[in-house]
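Chemist: I need the structure of the sequence given here:
(chains A and B, ligands or ions: 2)
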Amino acid sequence: MLFRLAWRNIWRNKRRTFITLASILFAVLFASLMESLQKGAWNNMINNIVTFHMGYIQVHQKGYWDEQTLDYAYPLEPAITKTLGLKGVEDALPRLESFALASTGSNTMGVMVTGIEPEGENAMTRIKSRLTAGKFLQENSKGALIAAGIAENLKLGIGDTLLLIGQGYHGVNAAGKYPVEGIVKYPSPDLNRLLVFLPLKEAQWFYGAEGMITSLVIRPTSPKAIVKAQNSLKSVFPSDAYEVMDWKALLPDLLEAKKFDSAGNVIVYFILYTIIAFGLFGTILMMLRERQYEFGLLVAIGMKRRRLGAVVFLEVVLLGLVGALAGIVASMPLVGYFKVNPIQFSGGYSEMMEKFGFEPIFPAEFSFRIFFMQAVIIFVLTALLALFPFRRIRRLKVVEAMRS
Amino acid sequence: MTYAPFKDWENDGRKGAPRGGLTSNLKNQIIMAVIKLDKVSKIYDAGKIPVQALDQVNLEIERGEFTAIVGPSGSGKTTLLNIIGGLDRPSSGDIEVGGVDVDQLSDNKLIDFRKDHIGFVFQSYNLIPVLTALENVEFVMLLQKRSRKERLERARELLQAVGLEDKMDKRPSELSGGQQQRVAVARALAPKPSFILADEPTANLDSTSAGNLLDIMAKLNAQEGITFVFSTHDPRVIERARRVVTLVDGAIASDVRKSEPVQ
Ligand SMILES: Nc1ncnc2c1ncn2[C@@H]1O[C@H](COP(=O)(O)OP(=O)(O)O)[C@@H](O)[C@H]1O
Ligand SMILES: [Mg+2]
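Modeler: Ligands and ions are numbered 1, 2, ... in the order given. Sure, this is the predicted structure:
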């Protein structure tokens, strides 16, 4: 009967119940959407970097990733052969990568000159699909493929000559002139101002590193097979000479930044939760005042204060539960919509975001975990607020309550 | 023969049942006073000027009496009933209800005491709005942890006794004021209390409903021996009482027992 009493009390003031439910629902909805967008933006960025260029796993000579210089280059053979037939490994792409200056005479910028095997590279990163002008590299091309951001900065078009100057293997001077054969556009602003591709042979010649590579980019049989692939690679690339790194190890700064950004958002969540808490507290206070007489009556005829408090607690908690569940249900289509139709920024705001390395596109992350956690947080918040009536009812003076 | 709903609870070993129940104790007592007030005063001093709501009240009420507390508004009727009912505590003086010094009871014990021994009927809004008439009558028995069967049976019988057998499933808002007060009387009787306190139970009723309610109360008193203490300032209600205690400015001005029962 106590449950029945609580349940009927909930429906007694439909307007208040509706407002309370709606505010709980919107709290969950808003918090879920915010977290989904934020996580989505980061995951999108990381995913872009990983799948568009970096790959899930890379094998280097030990120490390379910290310094990223050609001094850590190692022979392509026999390394590439060792990867054949390894468990979890689908393919291995050789790369020779180093920083260099790109110049057109009047303008200069720092770029990453990457020697690649064009067809293998395309099989993994679908680089060909990013081609916006010119043509893709051949194994024996004598030209360069450049990212759109570089083309824009240096005002380069197809057929124009790109001057590359840098330091080669073991300190030799590296310099070369390359006609622009093609332009590729990356959604990730970072990659877009960074990448210059040469055929592997050409890059080895440019850097004076005949037969050498800096990395093997590993394509696992599936994203789920990363750990398996990493383990089998470690068995053929001993850790005293090589480093086998997964994408998390390759992007420590980015993951750190993501964590830091999430921490910053705690403040926003805190404000949101505080607003919700005050709103709910207000409704609870109003409800307690309206039912003062009734509470006095119930204690007068013999209901223990604790029991009465429990009924009111149950009422608020039931509202919290229903509201939070409704919040989950409402979050799904909304977040789903923003996953399929990402929020797209344009104009000044988009430029600012690009400066910070974000693609100005926010595909929401659809994760049940996010909805569930937000619902739990708001529910717990409601349950804590529901403890307040206990205090009020404990202090209730029957005669005064019934005089009102 | 006593009609079933007005027999004492069997000693059924029910959890939380009043042990050595008040009513059974009383049967063996020579003094039949169920309520005893000795120089009870109540002073409210919340405001600027302290208000003497009760002034040295001495009063004994016996089992089976049908007593009206009368007096103009502000004379202290409600205060007196609240103190008897353990809803308020006296500023000074002693009060004994069924041999128990209620002023000594802790808040929780006092709540239990009220639940098991006192039936309350207030001026209005007696009922829990979200429960039906039947559920309202059941409610205190639920607090007494009586079985569902026992509750239902007794609640039905009591509603029948107040003439509302056809309104059992109605919510208070669907009942007239008079009907609500009759449900309140049934609710007050449900826990088999030692007596019923009714504070101006007819104040918000038209004269027909008021007469109706008084008929029921008088009948319960005459036939079942239920003790009633009710306050009123309605002359037609005073007429029905067998004992009239008049309060003036918180003091008892007169206390008259009528020899002839008025029916
Ligand atoms: N809680 C209270 N605080 C202050 N004064 C009160 C309180 N309750 C009653 N009084 C005062 O005590 C006196 C008696 O009141 P009450 O018992 O309600 O009289 P009645 O029921 O006969 O109208 C009145 O003067 C009233 O104003
Ligand atoms: Mg009064």
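Chemist: quick one: find the helix or strand in the chain with the lowest mean pLDDT.
Modeler: Since you didn't name a chain, this refers to chain A. Sorting the helices and strands of chain A by mean pLDDT, DSSP states H and E puts helix A:347-355 at the bottom, at a mean of 67.
Chemist: for the nearest residue to residue A:125 once chain neighbours are set aside, list the residues it contacts.
Modeler: Leaving aside its sequence neighbours, residue A:125 sits nearest to residue A:52 (C-beta to C-beta, 6 or more residues apart in numbering or on different chains; 5.7 Å). For the C-beta atoms, the positions are set from N, CA and C on the backbone; glycine is no exception. Going by C-beta atoms under 8 Å, 6 or more residues apart in numbering or on different chains, residue A:52 touches A:125, A:127, A:130, A:186, A:187, A:188, A:191.
Chemist: now tabulate those residues in JSON lines and tack on distance to ligand 1 and secondary structure.
Modeler: JSON lines is the format used below for the contacts of residue A:52 (distance: C-beta to the nearest ligand atom, whole Å; DSSP: H, G, I helix; E, B strand; the rest coil):
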{"residue": "A:125", "distance to ligand 1": "81", "secondary structure": "helix"}
{"residue": "A:127", "distance to ligand 1": "84", "secondary structure": "helix"}
{"residue": "A:130", "distance to ligand 1": "81", "secondary structure": "helix"}
{"residue": "A:186", "distance to ligand 1": "77", "secondary structure": "coil"}
{"residue": "A:187", "distance to ligand 1": "73", "secondary structure": "coil"}
{"residue": "A:188", "distance to ligand 1": "73", "secondary structure": "coil"}
{"residue": "A:191", "distance to ligand 1": "77", "secondary structure": "helix"}
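Chemist: so how far is stretch A:323-342 off the chain centroid?
Modeler: Remark: stretch A:323-342 is offset 18 Å from the chain centroid, using C-alpha atoms, centre = their mean, to the nearest Å.
Chemist: buried sites along that stretch?
Modeler: For stretch A:323-342, burial by neighbour count (16 or more other C-beta atoms under 10 Å in any protein chain shown) applies to A:323, A:324, A:326, A:327, A:328, A:330, A:331, A:335, A:338, A:339, A:342.
Chemist: average pLDDT for it?
Modeler: Stretch A:323-342 shows a mean pLDDT of 92.
Chemist: list the strands paired with whichever strand in chain A runs longest, with their directions.
Modeler: The single longest strand within chain A, with elements called by DSSP state E, is strand A:89-103. Strand A:89-103 pairs in its sheet with strand A:108-116 (antiparallel), strand A:161-167 (antiparallel), strand A:215-220 (antiparallel), by DSSP bridges.
Chemist: which parts of that strand are buried?
Modeler: By neighbour count on 16+ other C-beta under 10 Å, the buried set for strand A:89-103 is A:89, A:91, A:92, A:93, A:94, A:95, A:96, A:97, A:98, A:100, A:102.
Chemist: would you reformat the residues you listed as a markdown table and include distance to ligand 1 and pLDDT?
Modeler: A markdown table is the format used below for the buried residues of strand A:89-103 (distance: C-beta to the nearest ligand atom, whole Å; pLDDT from 0 to 100):
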| residue | distance to ligand 1 | pLDDT |
| --- | --- | --- |
| A:89 | 84 | 85 |
| A:91 | 86 | 86 |
| A:92 | 88 | 87 |
| A:93 | 87 | 90 |
| A:94 | 91 | 92 |
| A:95 | 87 | 92 |
| A:96 | 91 | 92 |
| A:97 | 86 | 90 |
| A:98 | 88 | 91 |
| A:100 | 89 | 91 |
| A:102 | 88 | 90 |
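Chemist: over to residue B:35. Which of the three states is it?
Modeler: With DSSP: H, G, I helix; E, B strand; the rest coil as the basis, residue B:35 sits in strand.
Chemist: ok so, going back, ok, of the contacts of residue A:52, which come out buried?
Modeler: Buried members of the contacts of residue A:52, counted by 16+ other C-beta under 10 Å: A:125, A:127, A:130, A:186, A:188, A:191.
Chemist: tell me which two of the residues you listed sit farthest apart.
Modeler: A:127 and A:188 (13.0 Å; C-beta to C-beta).
Chemist: sorry, back to before: which of the buried ones among the contacts of residue A:52 scores worst on pLDDT?
Modeler: In terms of pLDDT, residue A:188 ranks lowest among these, with 79.
Chemist: now that one. Nearest residue, chain neighbours left out?
Modeler: In this structure, residue A:188 finds its nearest non-sequential neighbour in residue A:48, 4.2 Å apart by C-beta to C-beta, 6+ apart.
Chemist: and if you look at residue A:350?
Modeler: residue A:360 (3.5 Å).
Chemist: wait, does stretch A:283-301 contact chain B?
Modeler: Yes - judged by C-beta under 8 Å from any C-beta of the partner chain, stretch A:283-301 comes into contact with chain B through A:293, A:294, A:297, A:298, A:299, A:300, A:301.
Chemist: my read: the last one touches residue B:116, true?
Modeler: No - no contact is recorded between residue A:301 and residue B:116 when judged using C-beta atoms under 8 Å, the distance being 10.9 Å.
Chemist: which of the three states applies to residue B:41?
Modeler: Assigned by three-state DSSP, the conformation of residue B:41 is strand.
Chemist: correction: residue B:64
Modeler: Here residue B:64 is recorded as coil under three-state DSSP.
Chemist: cool, the one 4 residues further on as well?
Modeler: Assigned by three-state DSSP, the conformation of residue B:68 is strand.
Chemist: what's around the residue in the stretch 101-250 of chain A that ligand 1 sits nearest to, how many residues?
Modeler: Across the stretch 101-250 of chain A, the shortest distance to ligand 1 (C-beta to the nearest ligand atom) belongs to residue A:248, at 69.0 Å. Neighbourhood size, residue A:248 [other C-beta atoms under 10 Å in any protein chain shown]: 13.
Chemist: in space, what's closest to it - neighbours in sequence excluded?
Modeler: Nearest residue to residue A:248, sequence neighbours excluded (C-beta to C-beta, 6+ apart): residue A:255, at 6.2 Å.
Chemist: helix or strand for that neighbour, which one?
Modeler: Under the criterion of DSSP states H and E, residue A:255 resides in helix A:252-290.
Chemist: what helices or strands is that helix leaning on?
Modeler: Applying 3 or more C-beta pairs under 8 Å, 6 or more residues apart in numbering or on different chains; DSSP states H and E, one finds that helix A:252-290 makes contact with helix A:14-49, helix A:368-385, helix A:388-395.
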